[in-house]
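Trainee: would you be able to build a 3D model of this:
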Amino acid sequence: MEMRLQKFLSQAGVASRRHAEELIVAGRVWVNGRPATELGSKVHPERDKVMVDGRRVTPLAHRYIVLCKPKGYVTTRHDPEGRATVMDLLGDRAAGLYPVGRLDFNTDGVLILTNDGELANALMHPSGGVTKTYHAKLHGELPADAIARLREGVVLDDGERTRPAEVMLVASTGAHTWLQITIRQGLNRQIHRMAEAVGHSVLKLSRVAYGPISSEGLRPGQWRDLSAEEVTALRRVAGGKAIEETDGDPEPPARSRGKNAPKQA
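Mentor: Take a look at the predicted model:
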């Protein structure tokens, strides 16, 4: 099946879709012995010979991983400030993978990584409304009306109003309040800013689920491959396009997940 050249390069782990386009325009990509400088170019992964800077590019099987991100790691492949990234936790397994969305430096919990660009884009698209569930520890005691405001949507510091959210009171000591919050947006530091909008600050934040995927059984820094059933569930919540364009079956769970993996029962 033919696909756009930049999509092929992205799925092969060469670069993100945007960077792949820059490589094409710069004349660094050759197809069957000729430079391919048009972004509309298409290739057949099994028949065409694609080279980048003189090196052959071969397609990678789709891979899907859930990582329990610890605090103190940035959610990116490379950090210009030299900080530890989530890719450092995966070791050799990181090749070609990209994080789906971001978690703040001091936020821990569920992070999905894949080289399936179509699914990643569908999951992150604002129109998709894929749910993200967090456990948040807030300073002080939240009155019932503040929780109701969070559920209905609040106006953030930039004037944008959040969509309705599912908010459940887990516990309250007077000094602190624990909430479970499920949102369908991915605004920058959204949970922190929602709390600030009702006069409170977030002291600790963990993402416990991304759509149907949780990190149950994983300690911070550990990861595992998603099962075929979990990938299907992700495609379902991502929408029809991501379900239709599977581009092959997902890679089966790895037999060995290295030193970061939880022991099997």
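Trainee: low-confidence regions, the stretch 101-250 of the chain specifically.
Mentor: Scanning the stretch 101-250 of the chain with the threshold set as pLDDT under 70 gives 240-250.
Trainee: apply 50 and report the result again.
Mentor: The stretch 101-250 of the chain contains residues with pLDDT under 50 at 241-250.
Trainee: and the strands in it, which stretches?
Mentor: Under the criterion DSSP state E, counting those that start in this stretch, the stretch 101-250 of the chain contains strands at 108-114, 132-139, 166-172, 176-183, 202-210, 213-214, 223-225.
Trainee: most tightly packed of those?
Mentor: Neighbour counts (mean count of other C-beta atoms under 10 Å) averaged over each of the strands of the stretch 101-250 of the chain peak at strand 108-114, with a mean of 24. Heads up, the C-betas are built off the backbone N, CA and C, glycines and all.
Trainee: for it, packing partners?
Mentor: Where contact means 3 or more C-beta pairs under 8 Å, 6 or more residues apart in numbering; DSSP states H and E, strand 108-114 is packed against strand 64-69, strand 98-99, strand 202-210, strand 213-214.
Trainee: what sits up against it?
Mentor: Residues external to strand 108-114 that are found in contact with it (C-beta atoms under 8 Å, 6 or more residues apart in numbering): 62-71, 75, 86, 90, 94, 97-101, 103, 120, 123, 134, 205-210, 213-215, 220, 226, 234.
Trainee: and it, which strands flank it?
Mentor: Here strand 108-114 is paired, per DSSP bridges, with strand 64-69 (antiparallel), strand 98-99 (antiparallel), strand 202-210 (parallel).
Trainee: now the angle from the longest helix anywhere in the chain to strand 108-114?
Mentor: With secondary structure taken from DSSP state H, the chain has its longest helix at helix 228-238. With axes from the mean of the first three to the mean of the last three C-alpha atoms, to 10 degrees applied, the angle from helix 228-238 to strand 108-114 works out at 90 degrees.
Trainee: list the buried residues in helix 228-238.
Mentor: Under the neighbour-count criterion of 16 or more other C-beta atoms under 10 Å, helix 228-238 has Glu230, Val231, Leu234, Arg235, Val237, Ala238 buried.
Trainee: next up, the contacts around the closest residue to the fifth one other than its chain neighbours.
Mentor: Nearest residue to Val237, sequence neighbours excluded (C-beta to C-beta, 6 or more residues apart in numbering): Gly211, at 4.5 Å. Under the criterion of C-beta under 8 Å, 6+ apart, the contact partners of Gly211 comprise Leu123, Val130, Thr131, Lys132, Ala233, Leu234, Val237, Ala238.
Trainee: in this structure the fifth one contacts Pro212, no?
Mentor: Yes. Under the criterion of C-beta atoms under 8 Å, Ala233 is in contact with Pro212, at a separation of 4.2 Å.
Trainee: what's the residue nearest to the spatial centre of the chain sitting at in phi/psi?
Mentor: By C-alpha atoms, centre = their mean, the mean C-alpha position of the chain lies nearest to Val100, the distance being 1.6 Å. Val100 adopts backbone torsions of phi -90, psi 100, taken as degrees, to the nearest 10.
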